[in-house]
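> Below is the sequence, then the predicted model.
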Amino acid sequence: MVKIKYIERPGLTNRERVFFTDFINGMKITIRNFFRKTITTAYPFEKLTPPKRFRGTHGHRVKDGREPPSFKVLEKFMDIKEGESRCVACYMCQQACPVPELFRIEAVQTEEGKKKVVRFDMNLLNCMYCGLCTEACPVDCLIMTDIYETATYRRSGGVIHMDDMTERAVDFDRRRYNEPDRIWIDDEERSKLWGQIKWS
Amino acid sequence: MELVGTVVGIVIKSLIFIIGMFLGAAYLTLLERKFAGHVQQRPGPLHVGPHGLLQPIADALKVLTKEDLVPNSVDRVLFYLASLMAFVPAIMILAVVPFGEPFTIFGLEIKPYITDLNVAVLLALAFGSLSIYGVIFAGWASNSKYPMIGGLRKAAVLIGYEVALGFALVGPIMMAGSFSLREIVEAQQNMWFIIPNILAFVVVIFSILAETGRTPFDVQEAEAELVGGYITEYTGMKFGLFPLAEWYIATFVLSAITVIMFFGGWNPPPLLGWLPIPAFVWFSVKVFLLFMFFLWVHWTLPRYRVDQITEIAWKVMLPLALANIFIVAIWIIIFG
């Protein structure tokens, strides 16, 4: 049986009732805020850079010598040149996705018997940006970049393809590949940026 | 000939007052939005014109060019009449508000007020009470539940606070011995009427907040529970007229009345009378400060429940106003 602790409603003292001290306290707070600096960003003219781990529009990393070892194993079965998307069409991203219909992945067999990815479309209108697909990717190909302006004039603009995903990831890696992730509490830069968090 | 001159003069003055009030109200919206923004640590309108200065004009253009929808089942006559009934009484009070002493330019005596009636205070109160019809009509004619509830709430609040406001203004009238706003101001040359009338001033502040539907008394709108209150079914400029009349023109005019009754109107503050500042500027500064005070209260406080509001009106504000009359009577007996 759960015991219930009864708590009296805090009553007003006569001083509070007569002089509306709660009004005065509240108005003190607003006037203090009134003279503070504004904390907003004038958005189309000033844009904030999200953290590196921000989950923005997806990108495809390319074959550039920085692949994880798993890619070296799969590489010999694939028809991928330097600078092309390192996708191996394993469908792991689609498996992990809560809305798998948004992927359209197609691969064909070339004449040498190698596998070539010919299509990798994502319909971002259905995407919830959970990032499960990027975690599922075995070759660290599918990533999420820091680009968050996804509005388009047509619904077809919400669908991203392999070539523009490649461009996006190349651009993202050029800008931020070497940047540390800043999620570890012993990172000094991170402490400077966001302060020290006391973990309970 | 003299009659024609008077009529022309009054027409011109009325036009100046009405157009000035429209423009003023438009810029009071900007003032309010800037104030609200900075209270919440954001800058408010910023991009139309330098620092958002042309925003009211852009808003007016937008509201005027919007499609004016009228729902099928409304009572059309009352529906159209309501927006006027809310707006006209608020601006009619301007007829008796004196903005300064009569002055002379190029040998022409100009009185910065439209009329100087000997029942000006009563007239202002009467016009203030008339705005209740706009609210009731809007609530009834919309033929919808939320406007109806909003209109009835506002009517209950207005009736309660009109009584308290009327009694609160008795104090200054007793001290000045006149209903004319100009004579009340002239009676305050030595001492402002705020001194013995502090209780009445508190009552007046609360009454103005309630009558103009600003928080903590904005039950008629109560956007969390009543959609938009009695303006729910309105669109376009008819929609725009209600807040314009209520939040800006009524608040401004009632602020002016309060300044005249309690803060000496265009009289300079004590010890500052030697400054070469015209009377009109003193008056404007006082009204502006009072208006800012109302904005400050509005953007700070949450809303009272509707029964608490009427309870405050009848159980607190009315006795306070009566007590003020008693105090002022004793003051007059002692100090003459």
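Cool, got the structure.

> which residues touch the biggest strand by length in chain A?
Of all segments of type strand in chain A, defined using DSSP state E, the longest is strand A:115-123. The contact list for strand A:115-123 (CB atoms under 8 Å, 6 or more residues apart in numbering or on different chains) reads A:58, A:60, A:77-80, A:85, A:87-89, A:101-110, A:158-162, A:165. From N, CA and C alone the C-beta is placed, and that goes for glycine too.

> among those residues, which are in strands?
A:His58, A:His60, A:Phe103, A:Arg104, A:Ile105, A:Glu106, A:Ala107, A:Val108, A:Gln109, A:Val159, A:Ile160.

> For ChimeraX, write the selection for the buried entries among these.
Burial among the ones in strands among the contacts of strand A:115-123 is assessed by 16 or more other CB atoms under 10 Å in any protein chain shown; the matching ChimeraX selection reads:
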select /A:58,60,103,105,107,159,160
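
> Show me the shaky parts of the chain.
Chain wasn't specified; assuming chain A. Confidence mapping of chain A against pLDDT under 70 gives the ranges A:185, A:194, A:196-200.

> not quite, I wanted chain B
Along chain B, the parts satisfying pLDDT under 70 run over B:107, B:273.

> Write out the residues of chain A neighbouring chain B.
A:23, A:26-27, A:29-31, A:33-40, A:42 (CB under 8 Å from any CB of the partner chain).

> what residues does stretch B:272-292 touch?
Contacts to stretch B:272-292, defined as CB under 8 Å, 6+ apart, come from residues B:28, B:31, B:35, B:99-101, B:112, B:251-252, B:255-256, B:258-259, B:263, B:265-269.

> What separation is there between the most centrally placed residue in chain A and A:Asp187?
Taking CA atoms, centre = their mean, the centroid of chain A lies closest to A:Arg55, which sits 0.7 Å from it. As judged by CB to CB, to the nearest Å, A:Arg55 and A:Asp187 stand 20 Å apart.

> And for B:Phe239?
Taken as CB to CB, the span from B:Phe239 to A:Asp187 is 54 Å.

> between these two, which one's more packed in?
Using other CB atoms under 10 Å in any protein chain shown, the more surrounded residue of B:Phe239 and A:Asp187 is B:Phe239, with 19 against 14.

> Can you name the helix or strand that the spatially closest residue to B:Ala95 that is not a sequence neighbour falls in?
Nearest residue to B:Ala95 in three dimensions, chain neighbours excluded: B:Ile114, at 4.7 Å (CB to CB, 6 or more residues apart in numbering or on different chains). In this structure, B:Ile114 sits in neither a helix nor a strand according to DSSP states H and E.

> residues in contact with B:Ile114?
Contacts for B:Ile114 (CB under 8 Å, 6+ apart) come out as B:Ile10, B:Lys13, B:Ser14, B:Phe17, B:Leu94, B:Ala95, B:Val96.

> Which helix or strand contains the closest residue to B:Tyr113 other than its chain neighbours?
Leaving out its chain neighbours, the residue that sits closest to B:Tyr113 by CB to CB, 6+ apart is B:Pro98, at 3.8 Å. B:Pro98 is part of no helix or strand, with elements assigned from DSSP H and E.

> now do A:Ile143
strand A:142-144.

> Name the residues that touch that strand?
So strand A:142-144 is contacted by A:54-61, A:87, A:93, A:129, A:131, A:133-134, A:137, A:169, A:172 (CB under 8 Å, 6+ apart).

> Which ones among these map onto helices?
Applying DSSP state H to the contacts of strand A:142-144, the entries found in helices are A:Cys93, A:Cys133, A:Thr134, A:Ala169, A:Phe172.

> Which members of these define the maximum pairwise distance?
The distance between the two most remote of the ones in helices among the contacts of strand A:142-144 (CB to CB) is 17.4 Å, for A:Cys93 and A:Phe172.

> Between the two, tell me which one has more neighbours.
Per other CB under 10 Å, whichever of A:Cys93 and A:Phe172 has more neighbours is A:Cys93, with 24 against 20.

> Please report the distance of the residue nearest to that one when sequence neighbours are not counted from B:Val227.
Closest residue to A:Cys93 apart from its sequence neighbours, by CB to CB, 6+ apart: A:Cys133 at 3.6 Å. For A:Cys133, the distance to B:Val227 equals 42 Å [CB to CB].

> same for the top helix by length along chain B, what does it pack against?
Criterion DSSP H: the longest helix present in chain B is helix B:2-39. In terms of contacts (3 or more CB pairs under 8 Å, 6 or more residues apart in numbering or on different chains; DSSP states H and E), helix B:2-39 is packed against helix A:21-34, helix B:55-64, helix B:251-262, helix B:279-298.

> Contact partners for the nearest residue to B:Leu28 once chain neighbours are set aside?
Spatial nearest neighbour of B:Leu28, chain neighbours left out: B:Tyr248 (4.4 Å); criterion: CB to CB, 6+ apart. If you count contacts by CB under 8 Å, 6+ apart, B:Tyr248 has them with B:Gly24, B:Ala25, B:Leu28, B:Thr29, B:Glu32.
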